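Student: when you get a sec, could you give me coordinates for this:
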Amino acid sequence: MIRFENLTKSFWLKGERKIVIDNLNLTLPTGRSLALMGRNGAGKSTLLQIIAGTMRPDHGRVVSDGTISWPVGLGGSFHGQLTGAENIRFVARVYGVDTKELLNFVEGFAELGKFFHMPVRSYSSGMRARLTFGASMGIRFDTYLVDEVTAVGDASFRRKSRAVFAERMGQSGAIMVNHGAAELRQYCDSGLVLEAGKVHYFDDLEEAIALHEELMK
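Tutor: So this is what the prediction gives:
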């Protein structure tokens, strides 16, 4: 369960206050895989970061009775001065998981070669995404936050990413941002549409996709 209580977030843009989340009160059910849709700039990534606790709202709070991943796919997830391996060791300590097991999983999964032991600041955006995706898949969360990451890498890596993500979704929930309806249908069973600061929840994914497509016309 994830519950939003009077959640508000805004930014100042060219001297004007832009509200991206407007007094949100909503409870998301446990164990669902939710597609988060909205036009560019609507605040989807902002909402994921607030849920993860990596960004503060202006007002309100997010309450959960389970573990939540960081927003997989966002490039700022790890410290640029540390190597990939050092970042993974830090994550293992923070989340209380076996360091060696997580290191072995991520090193094999992310396919970074020698870059795994080089500073993350030297990584391309795709390499960062592979590192963060591998780290999150190496830890069992109740809810995974995923931001466009399953499209990273070559065809072989995408197949591998989708396979491990699908396996995790068999035991956990997710909130997933992706612009492709086909991929959302593959992984998600419910939907959220963020528009003009309001979040609309649909138990039926197809109803959410229909509203999103109508708003985008």
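Student: where does Gly80 land in three-state SS?
Tutor: coil (DSSP: H, G, I helix; E, B strand; the rest coil).
Student: check Leu194 too.
Tutor: Secondary structure of Leu194, per three-state DSSP, is strand.
Student: what about the residue lying closest to it once chain neighbours are set aside, how many residues close to it?
Tutor: Residue nearest to Leu194 in three dimensions, not counting chain neighbours: Gly38, with 3.7 Å by C-beta to C-beta, 6 or more residues apart in numbering. (Each C-beta comes from the backbone N, C-alpha and C, glycine too.) Under the neighbour criterion other C-beta atoms under 10 Å, Gly38 is assigned a count of 21.
Student: isn't Gly38 up against Lys44?
Tutor: Yes: with contact defined as C-beta atoms under 8 Å, Gly38 reaches Lys44; the gap is 5.2 Å.
Student: related to what we said a few turns ago, roughly how far does the residue nearest to Leu194 sit from Met137?
Tutor: Between Gly38 and Met137 the computed distance is 25 Å (C-beta to C-beta, to the nearest Å).
Student: just Ala174 next, same as before
Tutor: Taking C-beta to C-beta, one finds Ala174 at 12 Å from Met137.
Student: what about Phe4, which SS state?
Tutor: Assigned by three-state DSSP, the conformation of Phe4 is strand.
Student: buried residues of the biggest helix by length in the chain, list them for me.
Tutor: Secondary structure assigned by DSSP state H gives helix 155-169 as the longest helix of the chain. Buried residues in helix 155-169, counted by 16 or more other C-beta atoms under 10 Å: 157, 161, 164-165, 168-169.
Student: can I get these in TSV including distance to Val106 and pLDDT?
Tutor: Listed next are the buried residues of helix 155-169 as TSV, based on distance: C-beta to C-beta, whole Å; pLDDT from 0 to 100:
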residue	distance to Val106	pLDDT
Phe157	14	83
Ser161	13	84
Val164	12	89
Phe165	15	85
Arg168	14	89
Met169	19	86
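Student: if we can go back for a sec, show me what secondary structure element comes after the longest helix of the chain.
Tutor: strand 173-177 (DSSP states H and E).
Student: and Lys160, how far is that from Glu167?
Tutor: 11 Å.
Student: likewise Val120?
Tutor: Going from Val120 to Glu167 by C-beta to C-beta gives 26 Å.
Student: domains in this protein, by residue range?
Tutor: 1-67+143-217, 79-139 (automatic domain parsing).
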